[in-house]
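*Asks:* Provided below are the primary sequence and the corresponding predicted coordinates.
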Amino acid sequence: MSSTSLTDVEGLRALAHPTRLRILDLLRVHDQLTASECAVQLRLSPKSCSYHLHVLARQGLVEQGHPLAEDTRQRPWRRCFDEVQMPPPGETGGAESDSARTDAIDASARHDHSLFLSFLASRQAENGDWAASTTVHTRTALMTPAELKAWGEAVEEVTRSHVEKAGRTRRDGRSPVRLAVRGFPQTAPGTETAD
């Protein structure tokens, strides 16, 4: 599967909703699911899942497949793209689009943070193999914007090769794994505001 970049306001707003991010995650793990199947797994109503799936479909992020059996109401949904990239600010078409981009990134960061906290609270975090393989790397460096961009592109290249390799093989013991990397200008040490 390929990637896409959303630049319009409606597309970016579609990704600024936690339920839609959860649905996209679910469709990464399952090749296709009906709205009812999504609802069961996410503990939502089928009507709510159907609404969010249609919002994602209008942005070309998911699509419906052929009906299951003879029940034409039960049409499965699948992702159109494996990843959605956020364009740099200023390339989204104005202040409203930049604001929608920031909201989508905020929702994604909160979603990733929530997933990580859920993992830490789970029994899986205590499993020897998973505990030993879980990685959290944090570094601080003095960089220019161009150097930060080059770092991000290098990390993405390595990550993409591992994701593609994992997709070509089928092994027992697999579990969905979240690979999240952030690089951003931080507040200079000593100048943080107290909470």
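*Replies:* Structure's in. What do you need? Numbers count the residues shown, from 1 in each chain.
*Asks:* Quick check: the closest residue to Arg178 other than its chain neighbours vs Gln64, distance?
*Replies:* Distances taken as C-beta to C-beta, 6 or more residues apart in numbering put Leu115 closest to Arg178, at 5.5 Å, once the chain neighbours are dropped. Just so you know, the C-beta spots here come from the backbone N, C-alpha and C atoms, and that holds for glycine as well. Distance, Leu115 to Gln64, using C-beta to C-beta, to the nearest Å: 27 Å.
*Asks:* mind checking pLDDT for the residue nearest to Arg178?
*Replies:* pLDDT, Leu115: 90.
*Asks:* Work out for me the element it sits within.
*Replies:* According to DSSP states H and E, Leu115 maps onto helix 95-121.
*Asks:* I'd like to know which elements that helix is packed against.
*Replies:* Applying 3 or more C-beta pairs under 8 Å, 6 or more residues apart in numbering; DSSP states H and E, we find helix 95-121 packed against helix 9-14, helix 18-29.
*Asks:* per-stretch mean pLDDT over those, give me the minimum one.
*Replies:* Mean pLDDT is lowest for helix 9-14 out of the helices and strands packed on helix 95-121, coming in at a mean of 88.
*Asks:* Any buried residues in that helix, and which?
*Replies:* The neighbour-count check on helix 9-14 (16 or more other C-beta atoms under 10 Å) flags Val9, Gly11, Leu12, Arg13, Ala14 as buried.
*Asks:* Distance check, the fourth one against Thr102.
*Replies:* In this structure, Arg13 and Thr102 are 11 Å apart, going by C-beta to C-beta.
*Asks:* hang on, the earlier thing: using CSV, list the CA coordinates for the following helix or strand past the helix holding Leu115.
*Replies:* The helix or strand immediately downstream of helix 95-121 is helix 128-133, counting by DSSP H and E. Provided in CSV are the C-alpha atoms of helix 128-133 (Å, rounded to 0.1, in the frame of the first residue of the first chain):
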residue,chain,number,x,y,z
GLY,A,128,9.7,-10.6,28.8
ASP,A,129,10.0,-10.6,25.0
TRP,A,130,7.9,-7.6,24.5
ALA,A,131,9.3,-5.7,27.5
ALA,A,132,12.9,-6.3,26.1
SER,A,133,12.0,-5.2,22.6
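*Asks:* Just the residues contacting helix 128-133, thanks.
*Replies:* Gln124, Ala125, Gly173, Ser175 (C-beta atoms under 8 Å, 6 or more residues apart in numbering).
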